[in-house]
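Student: predicted model and sequence below, questions to follow.
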Amino acid sequence: MIAIRSCRASSFSWIRSLPSRQPRRSTLSNNHLGLNYATRAFSGTTTNTTQQSTVTKPEDEDQSSSERTLQWRIWKTLSKNITPTDDPERAKENKRRVVISLGLMVAGKAVNIQVPYLFKHLVDALDVTTTTTTTTGDVAIVPISLLLGYGMSRAAAVGFQEFRNAVFAVVAQDAIRHTGRTVFDHVHQQLDLQFHLSRNTGQLSRILDRGQRSISFLLNAAVFNVIPTLLEVSLVTGLLAYQFGSAQAIVALGTVTAYTAFTVGVTSWRTQFRRDMNRLESQASGRVVDSLLNYETVQYFNNAKREGERYEESLRGYQKAALQAQTSLSLLNFGQAAIFSAGLGGVMYLTSQQIVDGTASVGDLVLVNGLLFQLSIPLFFIGSVYREIKQSLIDMEAMFQLADTKPSSIAPDHENAREYNPLQMGHTIRFENVHFQYPSSQDRAILKGATLEIPQGKTVAIVGSSGCGKSTILRLLYRFYDPQQGNITVGGYNVQTELTRASLQKAIAVVPQDTVLFHESIYYNIHYGNLEATHEQVMEAARKAHLHETIMQFPNQYDTIVGERGLKLSGGEKQRVAIARAILKPNAPILLCDEPTSSLDSQTEWDIMENLKQAAEGRTTLLIAHRLSTIQDCDEIWVMHEGQVVEHGTHTDLVQKGGRYAELLQMQDKLLSGEPRKEELDL
Ligand SMILES: Nc1ncnc2c1ncn2[C@@H]1O[C@H](COP(=O)(O)OP(=O)(O)OP(=O)(O)O)[C@@H](O)[C@H]1O
């Protein structure tokens, strides 16, 4: 039994080398997860705490056909990962490694099967009743060579196995990396803002994590378990039939069949508990991430206890499912052991009878025992692997659903769409009768026929009361969403049908309303605006954003990770980082600023606005500002009210007109002089 344990342990060594299935340490910032979605789309819609998903699964799909489809997709994914068409060198290398690994696996099995035979010969050689006719010298020599052979075979079998693991690990790790990158790219490059705002970031990262591990697991299981087990079962039953007659072979085969059927049956039944465990584990970890991200909000409302209760609620659900999973696992393990022991007992009984009849030796009893225990290794293994395969299928299903998810709020690039070249095409921006409502609020129109123009090279401001749709204009221009009606053109080209989304976005620099920074140094965060920028260019951008003076007070200023070693940035400082990196963005003649100075004091605001204006020179700039004093010298001001543009002109024109703008200005003046009325504040 000790032999079995050690073999099982080494057989599982490649499972242990996989990333842990334990919940990962939660992170305090969604930056860690690499999901810093355009700093939440320069929006007021910041961290979304809802758990809804836009992933849909066809309900009428027949279960078994969907399983078949899943298996087919897995097969395709595995083969695509092993032999990627876009990298023939890697494909060749991986193929070579798979072939070598299979060769090592077969060699290992061949050597391994020798072990019980050598043991049998050893026992027979030591049996005095069968060695009486041999010379004393022979008795001494035979067992020593057998003993040596026995030890060397065991060591060689393990050696082949470990060598095989090492050779194949490269293929498995390659598959993990390749799959992870593909899905991550899909999530970042294909899925739209609507998806990211409606998806819990913690859950998303778990789906990625588990999906990657599943790929590796399935690869290993296919190459090292399913095929070798079939090989070993046929080999052992064949040997039993040849050496001892059909009775032992039938009992052994019956045992394998019963064992496998029992394992598959019970495992299928208990999959539901694993599924529940996964779901509740994801829910619990999602809640932890959400709760920790909202640490300040929790404290402001003294809700730490409530957060604890909510977390425990998820944990309780998880605990229940985990207990069911554990109890059913115990049943499975016990049943497997009972079936195997019955089979082993049967075969040993039949062989003992043959010893009594004189047709078998004592060594033969050791041989059948050894062969069956040998067989029990992949059998025990196949039970666990089957459970893991089931689990991997569930995990991969979730990953495939993620990979299948299509953006719901933007159309793919039109087949005739062109690369946007601002130098050749110009960058005058026009909104013509644009109607828009967010996909998640179907019945509420946000823009109701908005029309406006930002002439090339001019700086234009949009003003209006909170929620009237100003930031929505920016999101539509950046193509985070497509309007339901109307046209948006840049340089006379329709952004939806005539330009590619990526080329348009490349030409636009954005200073968002809420700045979320990567959990990296300030230097990294500014440099992010232009990965090609030199150190001097980064510093120049920092100076222009008035960041330099603030940051200089910290030791190792620019290289310190934000949030570490006492480096905490205020809202205003974060905003300056955002401005610096927008200034740094190369070849971006369109500049969008969504309240870029909302968190700054008046003096700094003034200085930064001056710098922004410098940065805006030659660019087509759209500025959203609440403080009307900052936009008075813009070339033009567009005033929005309830989803429509109600007037536009220069500051002087609009003041003279005495319309909505003049009204907003008056209210701000009153606010500043400290005499607002309640209904005015509500504006
Ligand atoms: N992703 C979204 N899904 C559904 N509704 C949204 C979404 N984003 C914004 N909204 C809603 O659309 C309306 C307009 O939002 P928008 O951010 O454009 O307003 P705004 O004029 O920029 O306001 P503020 O000045 O307060 O930033 C708001 O009522 C907002 O709640």
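Tutor: Looks like it arrived, so ask away. Residues are numbered from 1 along each chain as shown.
Student: what's downstream of the host helix or strand of residue 640, the next helix or strand?
Tutor: Here residue 640, judged by DSSP states H and E, is contained in strand 636-641. Helices and strands here follow DSSP H and E; after strand 636-641, the next one along the chain is strand 644-649.
Student: given that next one, what are its sheet partners and their directions?
Tutor: Taking DSSP bridges as the criterion, strand 644-649 forms sheet pairs with strand 636-641 (antiparallel).
Student: for the partner strand, which outside residues touch it?
Tutor: 450, 452, 454-455, 458, 460-465, 468-470, 473, 631, 645-651, 654, 659-661, 664 (CB atoms under 8 Å, 6 or more residues apart in numbering). The way it works is simple: take the backbone N, C-alpha and C, and place the C-beta from them, glycine included.
Student: apply 7 Å and report the result again.
Tutor: Outside strand 636-641, the residues that touch it by CB atoms under 7 Å, 6 or more residues apart in numbering are 452, 458, 460-464, 468-470, 631, 645-651, 654, 660-661.
Student: and the ligand, which of these contact it?
Tutor: 464, 468, 469, 470 (CB under 6 Å from any ligand atom).
Student: so the second one lies in a strand, does it not?
Tutor: No: using DSSP: H, G, I helix; E, B strand; the rest coil, the assignment for residue 468 is coil, not a strand.
Student: how about the contacts made by it?
Tutor: 640, 641, 642, 643.
Student: domain ranges for this protein?
Tutor: 25-41+85-401, 515-586 (automatic domain parsing).
Student: re earlier: are any of the contacts of strand 636-641 buried, and if so which?
Tutor: 452, 458, 460-464, 468-470, 631, 645, 647-649, 651, 654, 660-661 (16 or more other CB atoms under 10 Å).
Student: helix or strand right after whichever helix or strand residue 399 is part of?
Tutor: Element membership for residue 399, per DSSP H and E: helix 362-404. Moving toward the C-terminus from helix 362-404, the next helix or strand (DSSP H and E) is helix 422-425.
Student: among the contacts of residue 468, who's most crowded?
Tutor: residue 640 (24 neighbours; other CB atoms under 10 Å).
Student: need the contact list for the residue lying closest to it once chain neighbours are set aside.
Tutor: Leaving aside its sequence neighbours, residue 640 sits nearest to residue 464 (CB to CB, 6 or more residues apart in numbering; 3.5 Å). Taking CB under 7 Å, 6+ apart, we find residue 464 in contact with 470, 639, 640, 641.
Student: can you list phi and psi of residue 464 for me?
Tutor: In terms of degrees, to the nearest 10, the main-chain angles of residue 464 are phi 160, psi 170.
Student: so which residue is dead centre in this protein?
Tutor: Most central in the chain under CA atoms, centre = their mean is residue 208, positioned 2.4 Å from the mean C-alpha point.
Student: need the pLDDT of that one.
Tutor: What the model reports for residue 208 is a pLDDT of 83.
Student: what's the answer for residue 164, then?
Tutor: Note for residue 164: predicted pLDDT of 89.
Student: so what's it closest to, chain neighbours aside?
Tutor: residue 104 (3.8 Å).
Student: does the one you found touch residue 163 like I think?
Tutor: Yes: if you go by CB atoms under 7 Å, residue 104 and residue 163 touch, sitting 5.6 Å apart.
Student: these two - which one has more neighbours?
Tutor: A direct count of neighbours by other CB under 10 Å for residue 104 and residue 163 places residue 104 higher, at 21 against 15.
Student: helix/strand/coil for the more buried one?
Tutor: With three-state DSSP as the basis, residue 104 sits in helix.
Student: contact residues of this structure facing the ligand?
Tutor: When proximity is defined by CB under 6 Å from any ligand atom, the chain lies next to the ligand at 43-45, 197, 438, 440-441, 446, 464, 466-472.
Student: filter the residues you listed down to the buried ones and hand me the ChimeraX line.
Tutor: With 16+ other CB under 10 Å as the criterion, this ChimeraX line picks the buried residues out of the residues of the chain next to the ligand:
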select :43,197,438,440,446,464,468,469,470,471,472
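Student: low-confidence ranges, the stretch 551-683 of the chain, go.
Tutor: Residues of the stretch 551-683 of the chain meeting the criterion pLDDT under 70: 551-567, 599, 671-683.
Student: show me where it has helices.
Tutor: Chain-ordered helices for the stretch 551-683 of the chain, with DSSP state H, counting those that start in this stretch as the definition, fall at 571-584, 602-616, 651-657, 660-672, 678-681.
Student: who's in contact with residue 112?
Tutor: By CB under 7 Å, 6+ apart, the contact set of residue 112 is 157, 374.
Student: show me what the strand or helix carrying residue 227 is packed up against.
Tutor: Using DSSP H and E, residue 227 sits within helix 227-244. Helix 227-244 sits against helix 88-126, helix 246-293, helix 362-404, with contacts defined as 3 or more CB pairs under 7 Å, 6 or more residues apart in numbering; DSSP states H and E.
Student: would you mark the buried spots in that helix?
Tutor: Buried-residue list, helix 227-244, by 16+ other CB under 10 Å: 228, 229, 232, 233, 235, 236, 237, 239, 240, 241, 243, 244.
Student: same thing with stretch 72-85?
Tutor: Per 16+ other CB under 10 Å, stretch 72-85 contains these buried residues: 74, 77, 78, 80, 81, 82, 83, 84.
Student: model confidence over the helix or strand where the fourth one lies, on average?
Tutor: Applying DSSP H and E as the criterion places residue 80 in helix 63-82. Per-residue pLDDT values over helix 63-82 give a mean of 66.
Student: cool, and stretch 269-276?
Tutor: Summarised as a single mean, pLDDT over stretch 269-276 is 83.
Student: which outside residues touch that stretch?
Tutor: With contacts defined as CB under 7 Å, 6+ apart, stretch 269-276 is touched by 321, 324, 325, 328, 390, 391, 394.
Student: relative to the ligand, which of those is nearest.
Tutor: Comparing these against the ligand with CB to the nearest ligand atom places residue 394 closest, at 30.5 Å.
Student: mind checking pLDDT for the closest one?
Tutor: 82.
Student: pretty sure residue 100 sits against residue 167.
Tutor: Yes: contact criterion CB under 7 Å: residue 100 and residue 167 qualify, at 5.2 Å.
Student: neighbour count: the two, which is higher?
Tutor: Legend: neighbour count by other CB under 10 Å for residue 100 and residue 167, higher for residue 167 (18 against 14).
Student: before we move on, which element is that one in?
Tutor: Per DSSP H and E, residue 167 falls inside helix 136-185.
Student: tell me what that helix is packed against?
Tutor: So helix 136-185, by 3+ CB pairs under 7 Å, 6+ apart, packs with helix 63-82, helix 88-126, helix 201-221, helix 362-404.
Student: good, we can wrap up now.
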